[in-house]
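In: Turn this into a model:
(2 chains)
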There are 2 protein chains.
Amino acid sequence: YSDWKWIQLQRWIVCMMIGISTGLIAVVINITIMQLMDLKMAVVEEAIIRCVKDRCLYVPLLLWIAMNVGIVSIAALLTVFVAPVAGGSGIPQIKCFLNGVKVPDVVRLKSLFVKVVGVVCSVSGGLAVGKEGPMIHSGAVLAAGISQGRSITFRLKTRFFKHFRNDREKRDFVCAGAAAGVSAAFGAPVGGVLFSLEEAASFWNQALTWRIFLCSILSSYTLNLCMSIYHHHPGDMAYPGLINFGKFSGTYEGFELPVFFVMGVFGGLSGAAFIAINHKITVYRIKYLTARFIKVIEVLIVSAISATIAFVMIYLNTDCKPLGEDPNVELQFMCNDGQYNTMGTLFFTTPEEGVKSLFHDQLGSIQPATIIMFVVPYFFLSCWTYGLQVPSGLFIPSLLIGAAWGRLVGICMNAICPDCDWTQDMSKYALIGAAAQLGGTVRMTISLTVILIEATGNITYSLPLMTVLLVAKWVGDLFNKGIYDMHVHLARVPILEWEPPPLSTNIHAREVMGKPAVTLKEVSLVSDVCSVLSDPRNCHSGYPVTDSEGKFRGLVLRTQLLILLKHKTFVERSAPGERLKLSVFRDTYPRYFPLSIVNVSSEEEQCHIDLRPYLNPAPYTVYEHASLPKIFHLFRALGLRHLVVLNDDFKVVGIVTRKDIWKWGHHPKDM
Amino acid sequence: YSDWKWIQLQRWIVCMMIGISTGLIAVVINITIMQLMDLKMAVVEEAIIRCVKDRCLYVPLLLWIAMNVGIVSIAALLTVFVAPVAGGSGIPQIKCFLNGVKVPDVVRLKSLFVKVVGVVCSVSGGLAVGKEGPMIHSGAVLAAGISQGRSITFRLKTRFFKHFRNDREKRDFVCAGAAAGVSAAFGAPVGGVLFSLEEAASFWNQALTWRIFLCSILSSYTLNLCMSIYHHHPGDMAYPGLINFGKFSGTYEGFELPVFFVMGVFGGLSGAAFIAINHKITVYRIKYLTARFIKVIEVLIVSAISATIAFVMIYLNTDCKPLGEDPNVELQFMCNDGQYNTMGTLFFTTPEEGVKSLFHDQLGSIQPATIIMFVVPYFFLSCWTYGLQVPSGLFIPSLLIGAAWGRLVGICMNAICPDCDWTQDMSKYALIGAAAQLGGTVRMTISLTVILIEATGNITYSLPLMTVLLVAKWVGDLFNKGIYDMHVHLARVPILEWEPPPLSTNIHAREVMGKPAVTLKEVSLVSDVCSVLSDPRNCHSGYPVTDSEGKFRGLVLRTQLLILLKHKTFVERSAPGERLKLSVFRDTYPRYFPLSIVNVSSEEEQCHIDLRPYLNPAPYTVYEHASLPKIFHLFRALGLRHLVVLNDDFKVVGIVTRKDIWKWGHHPKDM
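Out: Residues are numbered from 1 along each chain as shown, chains lettered A, B, ... in the order given. Sure thing, here's the model as predicted:
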């Protein structure tokens, strides 16, 4: 019993470590990006200042393109050649992992490395991406790494945390890591917990929730502490997340709710359009852009085009304002002395700073024309960018687009009623627009609301935010699925939805299951085992075991069989009663070897393996007449991978896998 | 399929109705209490003013006691004689209901009536209770009522929502109702959703979450709108909940976190002490105070004592302050003209106003001595009050106690460093103290954090709040369980915890199950059915049915058997192929009749019932060697009530009920 207490304590310790290290990773990413951006911008700005006089504007343009392409190419090369799974935001991959699907390499240390370096490069390289989504993936990898107490990449092996070397425990820690990632990204510890629970929790466990919560808080604390030291205000609690929406102080009137409602509708439409365009691009990518070098080249093209568009837009913009009005970037460009180019506050900076400008700059400091010139190309750029083979977040681009059109709405409202009190404050419209766009694109639910409220740092807007997110989701759902679901779907991952497919009550286990099921005998011939394992049609993760009468006796895992074969624990070779220790199975987790490295001589093939000591004698099973919703709920609630189907003689008639169920909701025509 | 869509739409409609009506109930409760309190206070104050001069202070005291006892007696009589289930906060009962336990009468309309009238009376009657907890119960009852589209109390019966007449659907709606209740009580829509999910969601369903969310938002909107109209500021969004913590504008320094940590520890200790004392009182009540009239008398005694203590404390208090400093009650009492008695701001008002005073009154406006004189008796009073047979919430008393000692901590900090910036603001210490006390008492988790953040209306304090709640919970858990769990435990309700009991992996279904299981034949003799149903030892909600070989064929519910008997659907009496319609079963839900009202003649006893058309052919079953954790997870994740245990001949060897599992975690010595 004291052992049980000790394991409990270890769980807490691991969660603390995950939280702190995720916070530290966020600090590293944040500071590196800031330094790189400052460096890059300084070089380009210097060239611009020189060239406005000398009429050699192609020089800073080329310089900008060259630097961006150079930086981004690091991200692209690493992603394509080292860890393709690190591409994109990582949220779909983590979703699948937490849903119970095995995604290769998703929580490996090399993915973390590529993710961190890649996101620094892709953000600094001026792509229309954010650094927030990748934090979630980073947190998840850290969690998986720390909880196992060892790393295969570094050949590091400790005796700690050996109890956590199984799928269930690992998944719980990955939950905590993802929460810590959200927490660090948005300064939203509660939002982080909710995100994890929403995506992962087939089963809400209170103790687990508390651990995730602690992990999430520590991550935000760590980031805050480090950033406050970096900004020379140690102890100041103003830097809870990577993105900071700045201080909202306004309020809203009840009669503005219909305006927000309409903005929600527009956000849903705009998000659906974003997804539809991105869907076409992704399908094209899957079909035609398969070679590795083409993927890299696509990234470089997008990078060059992004830089060009930004430059051209700043060049074309004639909206100059006197210095000092705007707290952010002050790029003079073609403006007179003492003035700055307003487009520069949007394009010549990180997207985070752009969002802040749109939120907080005073009414009139950015012209509507400037905003339109910014938002239209940026919309298409970010559509094209998401899904490229670089680590990239979708939150910030969505917020930026939404804040831009939200601000436009605000300017319109002000034009309608220039003297009203409630039309003076642009920040609420920009915020609502940002929420609507984000809600229409990612379609997350309650966790998104909480994340936005926490990032806003102002509870006043919670009712409008919820309304807008709900409306945007409804409207968007009329047209297509959320962008993450769309990507998961296109990747053909057998993820289970929230509810069984409609009208499936009359479908029974018999129709769903794969048959005939491959079964093994309690004491099997080695050659039989080998032939089952080597047949690619039977590549399940578990096999039912039957006794001599054909009755079901338990389930043995593919991995167990491989280990038994490798250790040659044959009946003929070992003393009676001798059996492999649990630690042998645990140490091999999670990287198993293929059958091909096990050498079985023809003499050994005639030996027998006694599976009885190793099999799981009472796994979850189901009767052949059980209905599909019943099976679905079992899978979803308990996170199963396979379910043995029995008839009323207790004989195995088939086996239902996650894919079998998934197929029922996804007819080929949907693909 | 269009039918399926239509049912989906109905679900949304029902949720909207639940949200709006919960908001309206909250409005009614709120306004009635305000009016009653104003009336009562006016009478007492008038008497005090008259009697301070005439030295007849016993007159207002007696007047106060008489009024309080009079008002409270309504609550007590209603609760004790009409609906005992409406006593207390209702949160433990709703917890049990959502956990899958049948609690008699808990969601009946008469309980709602008693709850609403009772909470108005107990709060107006000056008991140390809040009106927030009961809102949760009220919302839940409304949800259950509305979703069924009929009321048995009112003999109202509509054709609407007939698809929702089963336990599963009803539970989902009750979830939504509870969330709407929290939302209305604290102005915390997100917190409400989380509360429901935390207590109920063995299985988080995204569509359900959205509906709960909508319901929760609408409830808060409705309350806000109505209250803004009542306060003559229509459209003002400042009244989201029954309790309003007022506006927090301060901030905190990073180095204050250790102070908050210590406050968390103290909150945990104080909460644990509260629970320990309340435990003793509750055990005493269960043992000795069983007669109904004694219960009523206890309530009246507590009411009289509460009034006396309040009066004496105000009388003893010599701390007078000049008028105008304090925004709340201004009771002169024995003070000089132009001054008011500070104790009056705490005792001579609703607890909600007391909390607000402690949060927001300026430094120095309440003396430490006054606070101590208030908090010590109030602590014991609220200990005694919780568990009385009146509707009563625990949140506000806990917040009040915590805010009081939190303010004391603040005063101490100010004494240590009188000129520091960060010790000028009392509100943060009062808030942290309130959170610590509440966290130490109810031990809720993430939902409580969110509720407090939403009620505070200030996100700045989220990190300290989380820290304090976490610490308070940890410290409290060292000593005892949370107060709700304690009450559930004392009521011996077989509620399932979050995790299986430790060290239970070697316990198998065989040892857990009840045996021998009572089974029925597919075609049973009526007399056999009757004898099974009438045997009190077999009072299960379902019975396994076997065929002639003894193989398991399905499960038939007790209620189905009763209905079949009542309709006399015997093989000998009906045409072949004739069977009872689904609607017959649905219409009888949820109030079933006892066996005694079914008259079976001795001739009919020789008839047969064919159960085959009605039984559930493939319920969840388990193999006799399945381990307890496995069974536990099935029950917890799928909300089961019973599970048939089969052997490898597919024969029934026993049946596991919720109580069987519960017993393993609760040995008699724990009781």
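
In: what are the ranges of the strands in the stretch 51-200 of chain A?
Out: Assigned by DSSP state E, counting those that start in this stretch, the stretch 51-200 of chain A shows strands spanning A:150-151, A:156-157.

In: Sorry, wrong one. I was asking about chain A.
Out: For chain A, strands defined by DSSP state E occupy the ranges A:150-151, A:156-157, A:320-322, A:339-341, A:520-521, A:523-525, A:542-546, A:552-557, A:608-610, A:621-623, A:642-646, A:652-657.

In: Present those as TSV; the columns should include distance to chain B.
Out: Backbone N, C-alpha and C define where each C-beta goes, glycine included. Below are the strands of chain A laid out as TSV (distance: least, C-beta to the nearest C-beta, whole Å):
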stretch	distance to chain B
strand A:150-151	25
strand A:156-157	27
strand A:320-322	32
strand A:339-341	32
strand A:520-521	16
strand A:523-525	18
strand A:542-546	11
strand A:552-557	7
strand A:608-610	18
strand A:621-623	5
strand A:642-646	8
strand A:652-657	12
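
In: A:Asn480: which of these is closest?
Out: Closest of the strands of chain A to A:Asn480 is strand A:652-657, at 27.8 Å (criterion: C-beta to C-beta).

In: what's next to the closest one, contact-wise?
Out: For strand A:652-657, the surrounding residues in contact (C-beta atoms under 8 Å, 6 or more residues apart in numbering or on different chains) are A:509-510, A:512-517, A:519, A:540, A:542, A:544, A:546, A:550, A:552, A:622, A:624, A:631, A:641-647.

In: Same check on stretch A:25-43?
Out: Applying C-beta under 8 Å, 6+ apart, the external contacts of stretch A:25-43 come out as A:63, A:67-68, A:71, A:116, A:119-120, A:123-124, A:131, A:135, A:138-139, A:142, A:184-185, A:219, A:222-223, A:226-227, A:230, A:242, A:329, A:348-350.

In: try 7 Å
Out: The contact list for stretch A:25-43 (C-beta atoms under 7 Å, 6 or more residues apart in numbering or on different chains) reads A:63, A:67, A:116, A:119-120, A:123-124, A:131, A:135, A:138, A:142, A:184, A:223, A:226-227, A:230, A:242, A:348, A:350.

In: What separation is there between the most centrally placed residue in chain A and A:Asp648?
Out: In chain A, the residue lying closest to the centroid (C-alpha atoms, centre = their mean) is A:Ile91, at 1.2 Å. According to C-beta to C-beta, to the nearest Å, A:Ile91 and A:Asp648 sit 45 Å apart.

In: closest to B:Val523 out of the strands of chain A?
Out: strand A:621-623 (20.9 Å).

In: partners of the closest one in the sheet?
Out: Strand A:621-623 sits in its sheet next to strand A:642-646 (parallel), going by DSSP bridges.

In: Dump the C-alpha coordinates for the partner strand into PDB.
Out: Provided in PDB are the C-alpha atoms of strand A:642-646 (Å, rounded to 0.1, in the frame of the first residue of the first chain):
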ATOM      1  CA  HIS A 642      -9.800  -3.900 -29.800                       C
ATOM      2  CA  LEU A 643     -12.700  -5.900 -28.500                       C
ATOM      3  CA  VAL A 644     -13.200  -9.600 -28.800                       C
ATOM      4  CA  VAL A 645     -16.700 -10.700 -30.000                       C
ATOM      5  CA  LEU A 646     -18.000 -13.900 -28.400                       C
END
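
In: Let me see the mean pLDDT of that strand.
Out: Strand A:642-646 shows a mean pLDDT of 86.

In: what's the angle between it and strand A:542-546?
Out: 30 degrees (axes from the mean of the first three to the mean of the last three C-alpha atoms, to 10 degrees).

In: Pull the residues that contact strand A:642-646.
Out: For strand A:642-646, contacts defined as C-beta under 7 Å, 6+ apart pick out A:509, A:513, A:540-542, A:544, A:552, A:555, A:619-624, A:631, A:634-635, A:652-657.

In: now the strands of chain A in JSON lines, with mean neighbour count?
Out: Putting the strands of chain A into JSON lines (neighbours: other C-beta atoms under 10 Å in any protein chain shown) gives the following:
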{"stretch": "strand A:150-151", "mean neighbour count": "16"}
{"stretch": "strand A:156-157", "mean neighbour count": "12"}
{"stretch": "strand A:320-322", "mean neighbour count": "17"}
{"stretch": "strand A:339-341", "mean neighbour count": "22"}
{"stretch": "strand A:520-521", "mean neighbour count": "20"}
{"stretch": "strand A:523-525", "mean neighbour count": "17"}
{"stretch": "strand A:542-546", "mean neighbour count": "24"}
{"stretch": "strand A:552-557", "mean neighbour count": "24"}
{"stretch": "strand A:608-610", "mean neighbour count": "19"}
{"stretch": "strand A:621-623", "mean neighbour count": "23"}
{"stretch": "strand A:642-646", "mean neighbour count": "24"}
{"stretch": "strand A:652-657", "mean neighbour count": "23"}
